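# Quick one, what's the 3D model for this:
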Amino acid sequence: MELTSEQLLSYRQQGFLMLEGLFDQDVLTRWSAHFEALVLGDTPMPEKMKVMQDVMVAKGAIKPASPLHAINKILSFEHDPIFWEYAVDVNLLDAVRSIVGPELITISTNVFNKPPGVDGRHPLHQDLRYFALRPADKIVATWTAIDPCTRENGCLAVIPGSHLAQLHWHDVPDWEHVNSGFFALEDVDIEARVHFEMAPGDTLLFHPLLVHGSGRNRSDGFRRAISAHYASVDCERPDEPRKRPAVVKAIPSASDVCP
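Residues are numbered from 1 along each chain as shown. Next comes the predicted model:
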(Lines give C-alpha, C1' and ligand atoms only; values in the text may rest on other atoms or scores of the structure.)
Protein backbone atom coordinates (compact mmCIF):
# COMPACT_ATOMS: atom_id res chain seq x y z
CA MET A 1 0.00 0.00 0.00
CA GLU A 2 2.95 2.34 -0.50
CA LEU A 3 1.77 5.58 -2.05
CA THR A 4 2.45 6.30 -5.69
CA SER A 5 4.38 9.36 -6.83
CA GLU A 6 1.08 10.87 -8.01
CA GLN A 7 -0.53 10.32 -4.60
CA LEU A 8 2.45 11.83 -2.81
CA LEU A 9 2.39 14.87 -5.09
CA SER A 10 -1.32 15.34 -4.41
CA TYR A 11 -0.73 15.09 -0.66
CA ARG A 12 2.06 17.65 -0.78
CA GLN A 13 0.02 20.07 -2.86
CA GLN A 14 -3.38 19.66 -1.17
CA GLY A 15 -2.35 18.61 2.35
CA PHE A 16 -4.53 15.49 2.34
CA LEU A 17 -5.12 12.22 0.56
CA MET A 18 -8.18 9.97 0.53
CA LEU A 19 -7.72 6.18 0.52
CA GLU A 20 -11.08 4.57 -0.19
CA GLY A 21 -12.06 1.24 1.38
CA LEU A 22 -8.82 0.74 3.30
CA PHE A 23 -10.56 -1.26 6.07
CA ASP A 24 -13.28 -3.87 5.69
CA GLN A 25 -16.59 -3.94 7.51
CA ASP A 26 -15.70 -6.84 9.82
CA VAL A 27 -12.92 -4.95 11.57
CA LEU A 28 -14.95 -1.73 11.70
CA THR A 29 -17.81 -3.61 13.39
CA ARG A 30 -15.31 -5.09 15.86
CA TRP A 31 -13.98 -1.64 16.78
CA SER A 32 -17.46 -0.14 17.13
CA ALA A 33 -18.56 -3.00 19.40
CA HIS A 34 -15.40 -2.59 21.48
CA PHE A 35 -16.09 1.11 21.85
CA GLU A 36 -19.55 0.33 23.18
CA ALA A 37 -18.20 -2.34 25.56
CA LEU A 38 -15.73 0.14 27.04
CA VAL A 39 -18.31 2.90 27.48
CA LEU A 40 -20.89 0.55 28.98
CA GLY A 41 -18.35 -0.95 31.38
CA ASP A 42 -18.52 -4.43 29.87
CA THR A 43 -14.75 -4.59 29.42
CA PRO A 44 -11.94 -3.13 31.57
CA MET A 45 -10.56 0.30 30.71
CA PRO A 46 -6.89 0.07 29.62
CA GLU A 47 -4.09 2.11 31.15
CA LYS A 48 -4.00 5.83 30.28
CA MET A 49 -7.20 5.70 28.21
CA LYS A 50 -9.70 8.50 28.80
CA VAL A 51 -13.41 8.55 28.00
CA MET A 52 -14.55 12.12 27.34
CA GLN A 53 -18.13 13.22 27.93
CA ASP A 54 -19.74 15.70 25.60
CA VAL A 55 -19.80 19.16 27.17
CA MET A 56 -23.59 19.41 26.95
CA VAL A 57 -23.91 16.26 29.04
CA ALA A 58 -21.16 17.25 31.47
CA LYS A 59 -22.84 20.61 32.13
CA GLY A 60 -26.35 19.18 32.38
CA ALA A 61 -27.67 20.96 29.29
CA ILE A 62 -29.19 17.69 28.06
CA LYS A 63 -29.97 14.28 29.46
CA PRO A 64 -28.43 11.62 27.19
CA ALA A 65 -30.69 8.89 25.85
CA SER A 66 -28.09 6.27 26.85
CA PRO A 67 -24.49 6.16 28.14
CA LEU A 68 -23.34 5.97 24.51
CA HIS A 69 -25.13 9.24 23.75
CA ALA A 70 -23.05 10.98 26.43
CA ILE A 71 -19.58 10.35 24.99
CA ASN A 72 -17.65 12.64 22.66
CA LYS A 73 -14.58 10.43 22.22
CA ILE A 74 -12.12 7.96 23.64
CA LEU A 75 -8.62 9.37 23.94
CA SER A 76 -5.31 7.46 23.98
CA PHE A 77 -5.81 3.83 22.98
CA GLU A 78 -2.11 2.94 22.87
CA HIS A 79 -2.59 0.28 25.54
CA ASP A 80 -5.78 -1.20 24.13
CA PRO A 81 -4.98 -4.30 22.05
CA ILE A 82 -8.16 -4.14 19.96
CA PHE A 83 -7.98 -0.47 18.94
CA TRP A 84 -4.19 -0.78 18.58
CA GLU A 85 -4.87 -3.09 15.61
CA TYR A 86 -5.72 0.09 13.74
CA ALA A 87 -2.45 1.85 14.52
CA VAL A 88 -0.32 -1.09 13.34
CA ASP A 89 -2.35 -2.05 10.28
CA VAL A 90 0.19 -2.93 7.58
CA ASN A 91 -1.57 -1.13 4.73
CA LEU A 92 -2.11 2.00 6.80
CA LEU A 93 1.52 2.02 7.92
CA ASP A 94 2.77 1.60 4.36
CA ALA A 95 0.92 4.78 3.41
CA VAL A 96 2.11 6.66 6.50
CA ARG A 97 5.73 5.62 5.99
CA SER A 98 5.56 6.85 2.40
CA ILE A 99 4.95 10.34 3.81
CA VAL A 100 7.04 10.63 7.00
CA GLY A 101 9.59 7.81 6.87
CA PRO A 102 10.05 4.30 8.24
CA GLU A 103 10.53 4.73 12.01
CA LEU A 104 7.37 5.94 13.73
CA ILE A 105 5.70 6.72 17.02
CA THR A 106 2.07 7.53 17.70
CA ILE A 107 1.54 10.91 19.36
CA SER A 108 -2.25 10.96 19.56
CA THR A 109 -4.95 8.31 19.15
CA ASN A 110 -8.72 8.77 19.28
CA VAL A 111 -12.02 7.06 18.67
CA PHE A 112 -14.55 9.77 17.86
CA ASN A 113 -18.22 9.31 18.71
CA LYS A 114 -20.40 12.12 17.42
CA PRO A 115 -23.78 11.31 18.99
CA PRO A 116 -27.12 12.74 17.88
CA GLY A 117 -28.78 15.36 20.02
CA VAL A 118 -25.70 17.41 20.98
CA ASP A 119 -23.93 20.33 19.31
CA GLY A 120 -20.74 18.30 18.79
CA ARG A 121 -19.14 20.62 16.24
CA HIS A 122 -15.35 20.69 15.99
CA PRO A 123 -14.32 24.17 14.80
CA LEU A 124 -11.85 24.66 11.98
CA HIS A 125 -8.36 24.20 13.40
CA GLN A 126 -4.85 22.89 12.76
CA ASP A 127 -3.71 19.82 14.67
CA LEU A 128 -0.20 21.20 15.09
CA ARG A 129 -1.75 23.50 17.71
CA TYR A 130 -1.72 20.45 19.99
CA PHE A 131 1.78 19.12 19.24
CA ALA A 132 5.22 20.35 20.28
CA LEU A 133 7.14 18.03 17.95
CA ARG A 134 8.73 19.45 14.82
CA PRO A 135 9.11 19.50 11.86
CA ALA A 136 5.47 19.45 10.86
CA ASP A 137 6.21 17.64 7.60
CA LYS A 138 7.28 14.60 9.63
CA ILE A 139 3.83 14.26 11.26
CA VAL A 140 0.71 12.86 9.59
CA ALA A 141 -2.85 12.17 10.73
CA THR A 142 -4.99 9.22 9.70
CA TRP A 143 -8.78 9.38 10.11
CA THR A 144 -10.95 6.38 9.23
CA ALA A 145 -14.74 6.34 9.03
CA ILE A 146 -16.33 3.57 11.11
CA ASP A 147 -19.85 4.70 10.20
CA PRO A 148 -20.97 6.47 7.02
CA CYS A 149 -19.91 10.13 7.30
CA THR A 150 -22.24 12.60 5.60
CA ARG A 151 -23.03 16.30 5.65
CA GLU A 152 -26.06 15.43 7.77
CA ASN A 153 -24.10 13.69 10.53
CA GLY A 154 -21.09 16.00 10.62
CA CYS A 155 -18.45 14.77 8.18
CA LEU A 156 -14.96 16.23 8.01
CA ALA A 157 -14.32 19.45 6.11
CA VAL A 158 -10.90 20.70 5.05
CA ILE A 159 -9.41 23.74 3.32
CA PRO A 160 -7.18 22.39 0.54
CA GLY A 161 -3.66 23.77 0.47
CA SER A 162 -3.96 25.44 3.88
CA HIS A 163 -1.06 23.31 5.18
CA LEU A 164 1.31 25.47 3.09
CA ALA A 165 0.79 28.39 5.52
CA GLN A 166 2.09 28.73 9.05
CA LEU A 167 0.52 27.68 12.34
CA HIS A 168 -2.13 30.31 13.06
CA TRP A 169 -3.50 31.67 16.32
CA HIS A 170 -6.26 29.55 17.88
CA ASP A 171 -8.77 30.47 20.56
CA VAL A 172 -11.88 29.00 22.15
CA PRO A 173 -14.81 29.67 19.80
CA ASP A 174 -17.61 31.93 20.95
CA TRP A 175 -20.18 29.14 21.02
CA GLU A 176 -22.63 28.22 23.74
CA HIS A 177 -21.31 24.64 23.93
CA VAL A 178 -17.67 23.83 23.17
CA ASN A 179 -16.03 20.52 24.06
CA SER A 180 -12.89 20.62 26.19
CA GLY A 181 -9.75 21.15 24.14
CA PHE A 182 -11.59 22.30 21.02
CA PHE A 183 -9.90 25.42 19.68
CA ALA A 184 -10.73 27.43 16.58
CA LEU A 185 -8.81 29.42 14.03
CA GLU A 186 -9.64 33.10 13.82
CA ASP A 187 -10.36 34.83 10.49
CA VAL A 188 -10.72 31.63 8.48
CA ASP A 189 -12.42 31.51 5.08
CA ILE A 190 -15.18 28.97 5.63
CA GLU A 191 -16.26 29.29 2.01
CA ALA A 192 -13.03 27.50 1.02
CA ARG A 193 -14.09 24.31 2.83
CA VAL A 194 -14.38 21.00 1.03
CA HIS A 195 -16.59 18.42 2.77
CA PHE A 196 -15.67 14.75 2.69
CA GLU A 197 -18.56 12.32 2.73
CA MET A 198 -16.93 8.97 3.50
CA ALA A 199 -18.05 5.36 3.42
CA PRO A 200 -17.07 3.03 6.26
CA GLY A 201 -13.42 2.06 5.85
CA ASP A 202 -12.46 5.16 3.87
CA THR A 203 -9.38 6.83 5.32
CA LEU A 204 -8.18 10.41 5.07
CA LEU A 205 -4.48 11.16 5.56
CA PHE A 206 -3.68 14.79 6.30
CA HIS A 207 -0.91 17.20 7.26
CA PRO A 208 -0.92 18.65 10.81
CA LEU A 209 -1.14 22.20 9.42
CA LEU A 210 -4.19 21.43 7.27
CA VAL A 211 -7.20 23.47 8.40
CA HIS A 212 -10.08 21.10 9.10
CA GLY A 213 -13.11 20.54 11.33
CA SER A 214 -16.54 18.94 11.41
CA GLY A 215 -20.16 19.96 11.81
CA ARG A 216 -23.16 18.99 13.92
CA ASN A 217 -24.73 15.56 13.77
CA ARG A 218 -28.27 16.29 12.60
CA SER A 219 -29.13 12.63 12.03
CA ASP A 220 -30.67 10.12 14.44
CA GLY A 221 -27.59 7.89 14.54
CA PHE A 222 -23.96 8.01 15.61
CA ARG A 223 -20.97 9.09 13.53
CA ARG A 224 -17.93 7.16 14.69
CA ALA A 225 -14.36 7.28 13.41
CA ILE A 226 -10.94 6.09 14.54
CA SER A 227 -7.80 8.18 14.19
CA ALA A 228 -4.08 8.21 14.89
CA HIS A 229 -1.32 10.78 14.52
CA TYR A 230 2.11 9.45 13.65
CA ALA A 231 5.46 11.22 13.92
CA SER A 232 8.87 10.25 12.65
CA VAL A 233 11.37 9.36 15.37
CA ASP A 234 13.50 12.11 13.81
CA CYS A 235 11.11 14.75 15.14
CA GLU A 236 12.43 16.93 17.96
CA ARG A 237 10.70 18.53 20.89
CA PRO A 238 11.63 21.92 22.39
CA ASP A 239 13.21 21.78 25.83
CA GLU A 240 10.34 23.21 27.85
CA PRO A 241 7.93 21.92 30.50
CA ARG A 242 5.13 19.65 29.27
CA LYS A 243 1.53 20.65 29.83
CA ARG A 244 0.69 17.02 30.56
CA PRO A 245 2.47 13.67 30.31
CA ALA A 246 2.65 12.49 26.71
CA VAL A 247 1.01 9.23 25.66
CA VAL A 248 3.17 7.88 22.85
CA LYS A 249 4.07 4.42 21.60
CA ALA A 250 6.65 3.16 19.16
CA ILE A 251 5.44 1.40 16.03
CA PRO A 252 7.25 -1.88 15.26
CA SER A 253 9.59 -1.49 12.32
CA ALA A 254 8.49 -2.80 8.93
CA SER A 255 11.15 -5.52 9.09
CA ASP A 256 9.74 -6.75 12.42
CA VAL A 257 6.22 -6.96 11.01
CA CYS A 258 7.09 -8.30 7.56
CA PRO A 259 10.41 -10.24 7.73
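
# and the lengthiest helix in the chain, what's its mean pLDDT?
In the chain, with assignment by DSSP state H, the single longest helix is helix 25-39. Average pLDDT, helix 25-39: 98.

# One more: stretch 163-177?
Here the average pLDDT along stretch 163-177 is 84.

# now do stretch 87-98
Stretch 87-98 shows a mean pLDDT of 98.

# re the thing from before, any buried residues in the longest helix of the chain, and which?
Residues of helix 25-39 classed as buried by neighbour count (16 or more other CB atoms under 10 Å): 27-28, 31-32, 34-36, 38-39. Where you see a C-beta, it was placed from the backbone N, CA and C, and this is true even at glycine.

# Quickly list what the closest residue to Lys138 other than its chain neighbours is bridged to.
Spatial nearest neighbour of Lys138, excluding adjacent residues (CB to CB, 6 or more residues apart in numbering): Ser232 at 4.0 Å. With beta bridges defined as DSSP bridges, Ser232 has these partners: Leu104.

# can you pull the pLDDT of Ser232?
98.

# How many residues are close by it?
Per other CB atoms under 10 Å, the neighbour tally for Ser232 reads 20.

# any idea how far it lies from Val96?
10 Å (CB to CB, to the nearest Å).

# For the stretch 151-259 of the chain, just list every one of the helices.
254-257 (DSSP state H, counting those that start in this stretch).

# so where's it shaky on pLDDT?
Residue ranges of the stretch 151-259 of the chain with pLDDT under 70: 179, 242-243, 255-259.

# try 90 this time
Low-confidence segments of the stretch 151-259 of the chain, defined by pLDDT under 90: 168-190, 237-247, 253-259.

# number of nearby residues for Glu2?
When neighbours are counted by other CB under 10 Å, Glu2 comes out with 10.

# Look at it and report its pLDDT.
Glu2 is assigned a pLDDT of 92 by the prediction.

# on that earlier part again, gap between the helix or strand that the longest helix of the chain is followed by and the chain center?
Using DSSP states H and E, the helix or strand that follows helix 25-39 in sequence is strand 50-53. Centroid separation for strand 50-53 versus its chain: 15 Å, with CA atoms, centre = their mean, to the nearest Å.

# ok, now which ones touch the spatially most central residue of the chain?
Computing the C-alpha centroid of the chain and ranking residues by CA atoms, centre = their mean puts Ser227 first, at 3.7 Å. By CB atoms under 8 Å, 6 or more residues apart in numbering, Ser227 lies in contact with 108-112, 141-144.

# change it to 6 Å
Counting by CB atoms under 6 Å, 6 or more residues apart in numbering, Ser227 touches 110, 143.

# From Gln13, how far off is it?
23 Å.

# what do you get for His229?
As judged by CB to CB, His229 and Gln13 stand 21 Å apart.

# For these two, indicate the residue with more neighbours.
Using other CB under 10 Å as the criterion, His229 and Gln13 rank with His229 on top: 24 against 12.

# Tell me how many other residues surround the closest residue to the more buried one other than its chain neighbours.
Among residues not flanking His229 along the chain, Ser108 sits closest, at 4.2 Å (CB to CB, 6+ apart). Using other CB under 10 Å, Ser108 has 21 other residues around it.

# ok so Ser108 is a helix residue?
No. Counting by DSSP: H, G, I helix; E, B strand; the rest coil, Ser108 is not found in a helix; it is strand.

# Next one: it from Ala70, what distance?
22 Å.

# Could you do Asn110 as well?
Distance, Asn110 to Ala70, by CB to CB: 17 Å.

# Ser227 too?
From Ser227 over to Ala70 (counting by CB to CB), the distance is 20 Å.

# Glu176 now?
18 Å.

# In contact with Phe32, which residues?
In this structure residue 32 is Ser, not Phe. Contacts of Ser32 by CB under 6 Å, 6+ apart are 146, 224.
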